[in-house]
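Undergrad: Okay, predicted coordinates and the sequence, questions at the end:
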Amino acid sequence: MSLFFFHDHKFYCKDSCFYSPGSFPDEMWGRYTAVFGNTTVFARVRTQETDVVGFSKISNPQVRIVDVYEKGFMQLLKDIFHADYVIVRLPSFIGICAVIVARIYMKPSLIELVGCPFDSLWNHSAKGKAAAPFIALLTRIIVRNSPFVLYVTERFLQRRYPTKGITISCSNVLLSQGDEGVVERRANKIMLTGPLMKICTIGAVDVKYKGQVSVITALAILKAKHNKIYEYHLIGSGNQTYLRDYAKKLGVEGLLVFHGILNRQQINSVLEDIDIYIQPSKTEGLPRSLIEAMSMGLPAIGSTAGGIPELLEKSMLFRPQKAKEELPECLLRLDTTTLLVQSKRNYEAAKKFSASIIESRRREFFMRFHAAYSKR
């Protein structure tokens, strides 16, 4: 039995080993191999000459990474014919091509919808804006006619991309068992917080729709108009030049701290020292980094993009198009009492995303998908 998995994710190859810089860690692949056995992942691969510190090495012996662009799309189309099951993660150009071919070959296919392609493309570039309506429509048609669809949100993606098939709402987050002492430790930190507040965002720093520019703009406004100073910590891969230059232009370059790519333990260490987490995205599915921050008892602010409103209270949200006015206001509202309330609230809200609950539900869904075609 074999599973073919398709997505645009970029893996890195060094010394014949494969590494993921973010959303596809090694431990994630067990959810597929446990049900389907050998899993071939068709994605993008780049040769990595420098170090891979902070990357997750793909060591599962049942997982094989294939570079779609090196292999060629024509060969890829032929390979799908030999798959027993196909799982496609969308939005993804590779995924759209694969699911169309899988339908032609009448292969069992399942869609994992983790974000809105319209929002992703619209906030990406001028070319993205041109392609957004067509790709969104194509995705809507594909999802509507898919027999199995896994959504990472509870409502947002379901409304935009409904299906006639069997569905489940299941986040991609991987949370370990909660630590009940988190809220007390966070409360003690909040009570001792000094005048310098530390805020943080996790996400690629060279992807504009991640929204870090909105936070930098807010830093400048708060400094100039309210004499409020916030230190902004940024965790994530990518070229930092654009954000550094923008911060320098606004006179707040000294307030930014870039950490680059960190592993899970290093991220947790940074978050323990942070006062407020911010998810300023212009497009999102259900952001794992926000849920992980919430599980550490961090008060959090987020935009209204995607599934973020499903995680945070309305008072902690701002509209991306109104970020210049609303984000500074959100930060100014966070007094000690509010921080304490939000810390406890977020920790409790994150509990439903514990690995034991999420992975059990996901496995049952995959087993149902497997069983539906096992007698073919």
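TA: Alright, I've got the coordinates. Residues are numbered from 1 along each chain as shown.

Undergrad: for the stretch 1-150 of the chain, what spans make up the helices?
TA: 30-36, 68-71, 73-80, 93-104, 117-122, 126-144 (DSSP state H, counting those that start in this stretch).

Undergrad: same thing with the stretch 201-350 of the chain?
TA: 212-226, 241-250, 264-272, 288-295, 323-332, 336-350.

Undergrad: Among those helices, which comes closest to residue 184?
TA: helix 336-350 (9.8 Å; Cβ to Cβ). The way it works is simple: take the backbone N, C-alpha and C, and place the C-beta from them, glycine included.

Undergrad: which element follows the closest one toward the C-terminus?
TA: helix 355-373 (DSSP states H and E).

Undergrad: count of neighbours near the nearest residue to residue 140 once chain neighbours are set aside?
TA: Spatially, and ignoring its direct neighbours in sequence, residue 140 is nearest to residue 161 (5.4 Å; Cβ to Cβ, 6 or more residues apart in numbering). Look at residue 161: counted by other Cβ atoms under 10 Å, it has 23 neighbours.

Undergrad: try residue 167
TA: Around residue 167 there are 18 residues (other Cβ under 10 Å).

Undergrad: any idea whether it is helix, strand or coil?
TA: strand (DSSP: H, G, I helix; E, B strand; the rest coil).

Undergrad: wait, isn't it in contact with residue 152?
TA: No - in this structure, residue 167 is not within contact of residue 152 by Cβ atoms under 8 Å, at 11.6 Å.

Undergrad: Report the contact partners of residue 187.
TA: Residues in contact with residue 187, defined by Cβ atoms under 8 Å, 6 or more residues apart in numbering, are 297, 340, 343, 344.

Undergrad: What distance do you get for it to residue 342?
TA: Using Cβ to Cβ, to the nearest Å, we find residue 187 at a distance of 11 Å from residue 342.

Undergrad: Over to residue 271?
TA: 15 Å.

Undergrad: residues touching the closest residue to residue 25 other than its chain neighbours, list them.
TA: Excluding its sequence neighbours, the residue lying closest to residue 25 (Cβ to Cβ, 6+ apart) is residue 56, at 3.8 Å. Residue 56 makes contact with 19, 20, 21, 24, 25, 26, 27, 263, according to Cβ under 8 Å, 6+ apart.

Undergrad: Quick check, pLDDT for residue 56.
TA: Reported pLDDT at residue 56 in the predicted model: 89.

Undergrad: what's across from it in the sheet?
TA: Taking DSSP bridges as the rule, residue 56 bridges to residue 20.

Undergrad: same check, this time on the one 10 residues further on
TA: Going by DSSP bridges, residue 66 is paired in beta bridges with residue 42.

Undergrad: That one: neighbouring residues, count only.
TA: Residue 66: 18 neighbours (other Cβ under 10 Å).

Undergrad: Repeat that for residue 257.
TA: Each residue near residue 257 was counted by other Cβ under 10 Å, and the total is 13.

Undergrad: which stretches of the stretch 151-300 of the chain have low pLDDT?
TA: By pLDDT under 70, the weakly predicted segments of the stretch 151-300 of the chain are 176-178.

Undergrad: Let me know the average pLDDT across the strand ranked longest in the chain.
TA: Counting residues, the longest strand found in the chain (DSSP state E) is strand 2-14. Mean pLDDT, strand 2-14: 93.

Undergrad: quick one, which of the helices of the stretch 201-350 of the chain is nearest to residue 369?
TA: helix 288-295 (22.6 Å).

Undergrad: Could you double-check that residue 166 sits in contact with residue 368?
TA: Yes - using Cβ under 8 Å, residue 166 is in contact with residue 368, at 7.0 Å.

Undergrad: what is in contact with the two at once?
TA: Joint contacts of residue 166 and residue 368 (Cβ under 8 Å, 6+ apart) are residue 148.

Undergrad: and the nearest residue to residue 143 once chain neighbours are set aside, how far is that from residue 22?
TA: Nearest non-adjacent residue to residue 143, counting by Cβ to Cβ, 6+ apart: residue 161, 4.4 Å away. As judged by Cβ to Cβ, residue 161 and residue 22 stand 23 Å apart.

Undergrad: And for residue 224?
TA: 34 Å.

Undergrad: Cool, thanks, talk later.
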